[in-house]
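Engineer: pasting a predicted model and its sequence here:
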Amino acid sequence: MNIYDVSRQAGVSIATVSRVLNGSSKVSDATRKKVLDVINENSYTPNAFARSLCRNSMSTVGILCSDASDVYQAQAIYFLERELRSNSYTSMLCCTGYRLQEKKEYLKLLLSKNIDSLFFIGSHFIEPTPKGNAYILNAAKKVPVFLLNGKLDGPNIYSILCDDENASKNITDLLFERGAQAPVYLYRTKSYSGRQKIRGFCRSLQEHGITDTDKMTFSCPGSMEETCRILESLQNSGLFFDAAAAADDELAAGAVKYALRHGLHIPKDFRIAGYNNSLLSACSSPEITTLDNRVEFMCTSAVSQMMQVLDGKDIPSQMIYSGSIIEHGTT
């Protein structure tokens, strides 16, 4: 059975059947009952693709992430898709990597699929120049764009992000409160979020009398073992440090490995703070003090904003929320 059969048996037009299927109020109760009776008697299931074409909507959104194996991004994908399903939306996921050209190609692919909106997970998608961000600004001319933990100003672009600068400052302050005199900071990239975290760390150092902050921040793009080796090289270079704040929990786990390998008592001799409140912080021994940047809250808020935008409501272009410190054995 198809919509034409329902129309014929109910004695109404195809347009009327379509209105009933889409919940339109422009149908009388008697006509609605007549159509629904035919549908129920014949166990008719409307074709989702055909209905979507009629509404000019596939009830589908595009999700772009740079690396689905990253713990933070994997969490965001899970919570985002769960919330979308609960609102009767499906999603198409593209893992773009970090090269701008690949980001552009995947974005073009998603836009060709008649999606209703776009979600970008993480600040890696924000380029340092307006020219580099043109691909996002142009996409926003077609569909609403939601940036999760990234910030870009432009029409039809909505940013939902944790206040990483103040969160990073607060967790660095905690290291000082727990007896640290010279913390180092470990980061992977200087994305928008990464720069905010570094800024917060440096603010804390300056407030505690350390002015040469550049000498206390270090890039650690690799594995836990590589992070451990970088800290060993800092030690061998003669740099004094007695704590490590990290941009994510994996880097913090590398700092734990370094401390244990060199016989440092945690937290008496060496204090460590991670970020993201991931499973890695709980798997470590001792468990790692970390910053909960509330990934689930970010994702549910983003989907809620999408539903409001698609419903024609006017909402703020930026939503900033606070993270919270989860203190464990490393401090």
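Structural biologist: Structure received.

Engineer: in stretch 237-250, what counts as buried?
Structural biologist: 241-250 (16 or more other Cβ atoms under 10 Å). (Glycine included, C-beta is placed from N, CA and C.)

Engineer: and these, which of them are in helices?
Structural biologist: 249-250 (DSSP state H).

Engineer: and the helix or strand encompassing Glu105, what's buried?
Structural biologist: Using DSSP states H and E, Glu105 maps to helix 100-111. For helix 100-111, a neighbour-count test (16+ other Cβ under 10 Å) marks 103-104, 106-107, 110 as buried.

Engineer: ok, Lys113 - how many residues close by?
Structural biologist: 11 (other Cβ atoms under 10 Å).

Engineer: quick one: contacts for His124?
Structural biologist: Contacts of His124 were listed using Cβ atoms under 8 Å, 6 or more residues apart in numbering, and they are 66, 98, 150, 189, 191.

Engineer: in strands, which of the buried residues of stretch 237-250 appear?
Structural biologist: If you go by DSSP state E, the buried residues of stretch 237-250 have 243-246 in strands.

Engineer: reformat the residues you listed as JSON lines; add pLDDT.
Structural biologist: What follows is those, written out as JSON lines (pLDDT from 0 to 100):
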{"residue": "Ala243", "pLDDT": "98"}
{"residue": "Ala244", "pLDDT": "98"}
{"residue": "Ala245", "pLDDT": "98"}
{"residue": "Ala246", "pLDDT": "98"}
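
Engineer: now do the helices in the stretch 1-150 of the chain.
Structural biologist: With DSSP state H, counting those that start in this stretch as the criterion, the stretch 1-150 of the chain has helices at 3-10, 14-21, 29-41, 48-55, 71-86, 100-111, 134-139.

Engineer: got any ranges where this protein has weak pLDDT?
Structural biologist: Within the chain, the stretches with pLDDT under 70 are 1-4, 22, 44-58.

Engineer: outline the domain layout of it.
Structural biologist: Domains of the chain are assigned by automatic domain parsing as 3-55, 60-162+295-324, 164-292.

Engineer: for Leu186, grab phi and psi.
Structural biologist: Backbone torsions of Leu186, given as degrees, to the nearest 10, read phi -110, psi 130.

Engineer: ok, it - contacts?
Structural biologist: Going by Cβ under 8 Å, 6+ apart, Leu186 touches 218, 220, 227, 230, 244-247, 251-252, 254-255.

Engineer: how about the helices in the stretch 201-331 of the chain?
Structural biologist: Counting by DSSP H, counting those that start in this stretch, the stretch 201-331 of the chain has helices at residues 224-236, 249-261, 279-283, 295-310.

Engineer: run a quick neighbour tally on the residue nearest to Asn133 when sequence neighbours are not counted.
Structural biologist: With sequence-adjacent residues excluded and distances taken as Cβ to Cβ, 6 or more residues apart in numbering, Asn133 is closest to Glu127, at 5.1 Å. Neighbour count of Glu127, defined by other Cβ under 10 Å: 17.

Engineer: ok, now Leu148?
Structural biologist: If you count neighbours by other Cβ under 10 Å, Leu148 ends up with 26.

Engineer: now do Ile121
Structural biologist: Residues near Ile121, counting by other Cβ under 10 Å: 31.

Engineer: one step back: the helices of the stretch 201-331 of the chain: which one's closest to Val17?
Structural biologist: Closest to Val17 of the helices of the stretch 201-331 of the chain is helix 295-310 (Cβ to Cβ; 24.3 Å).

Engineer: tell me how far that closest one is from the chain's mean position?
Structural biologist: In terms of Cα atoms, centre = their mean, to the nearest Å, the centre of helix 295-310 is found 11 Å from the chain centre.

Engineer: please identify the buried residues of that helix?
Structural biologist: Quick answer for helix 295-310 (16+ other Cβ under 10 Å): 295, 298-303, 305-306, 309-310.

Engineer: please apply the same query to stretch 278-297.
Structural biologist: Buried-residue list, stretch 278-297, by 16+ other Cβ under 10 Å: 278, 280-281, 284, 287-295.

Engineer: same check on stretch 171-185?
Structural biologist: 171-176, 178, 180, 183-185.

Engineer: re earlier: of all the domains of the chain, which one is nearest Thr330?
Structural biologist: Proximity to Thr330 (Cβ to Cβ) singles out domain 164-292 among the domains of the chain, at 4.0 Å.

Engineer: show the end-to-end separation of the closest one, please.
Structural biologist: Terminal residues of domain 164-292 lie 11 Å apart, using Cα to Cα, to the nearest Å.

Engineer: numbering from 655 from now on, please.
Structural biologist: Shifting the count to begin at 655 puts that one at domain 818-946.

Engineer: rewinding a little: which of the helices of the stretch 655-804 of the chain sits closest to Ser976?
Structural biologist: In terms of Cβ to Cβ, the element of these nearest to Ser976 is helix 725-740, at 17.5 Å.

Engineer: tell me the buried residues in the closest one?
Structural biologist: Neighbour-count burial for helix 725-740 flags 725-731, 733-735, 737-738 (criterion: 16+ other Cβ under 10 Å).

Engineer: nearest residue to Lys767 in space, ignoring adjacent ones along the chain?
Structural biologist: The nearest residue in space to Lys767 (Cβ to Cβ, 6+ apart) is Met746, at 6.2 Å.
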